[in-house]
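Trainee: the following comprises the amino acid sequence and a computationally predicted model.
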Amino acid sequence: MAVKEMNLSKKVGDSLVISSIVLLSSLLIPIIPCRVSPAVPNPLFSWKFCTLNPDSAIPRTYLTEYFGYTQSLSDAFFMTVIFTFIASMILFHYAMPKRKRGERR
């Protein structure tokens, strides 16, 4: 039982590290999907990749929806961390080898 708990804590720790790396890299590299459109009535959005850096944000004359869902930069930060955490937990669940019952490391 203790082996499973340690394995889970290792997966959670590694997922947190990956989430923080993705969040920090999204401040420098445009890796976050977003929809951009001029701020006009009935806008036509186009998809592209954006950064989460508030200093290099798209001008106010454009509407930007991060992940196609929110215009809030703080929500985009939260969604980036949650999405990468869940994705890495799923990856670690299927990528790490299973141990047989009673086997110790």
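Mentor: Nice, I can see it. Numbering: from 1, shown residues only.
Trainee: next structured bit after the top strand by length along the chain?
Mentor: Secondary structure of the chain per DSSP state E: the longest strand is strand 32-38. Next along the chain after strand 32-38, taking DSSP states H and E as the criterion, comes strand 46-50.
Trainee: quick one: that next one to strand 32-38, angle?
Mentor: Here strand 46-50 points in a direction 130 degrees away from that of strand 32-38 (axes from the mean of the first three to the mean of the last three Cα atoms, to 10 degrees).
Trainee: partner strands of strand 46-50, parallel or antiparallel?
Mentor: Sheet pairing here is set by DSSP bridges, and for strand 46-50 it gives strand 32-38 (antiparallel).
Trainee: what segments of this structure are helices?
Mentor: 2-26, 73-95 (DSSP state H).
Trainee: of those helices, which is nearest Cys34?
Mentor: Nearest to Cys34 among these is helix 73-95; the distance by Cβ to Cβ comes to 8.1 Å. Quick note: C-beta positions are derived from backbone N, CA and C, even for glycine.
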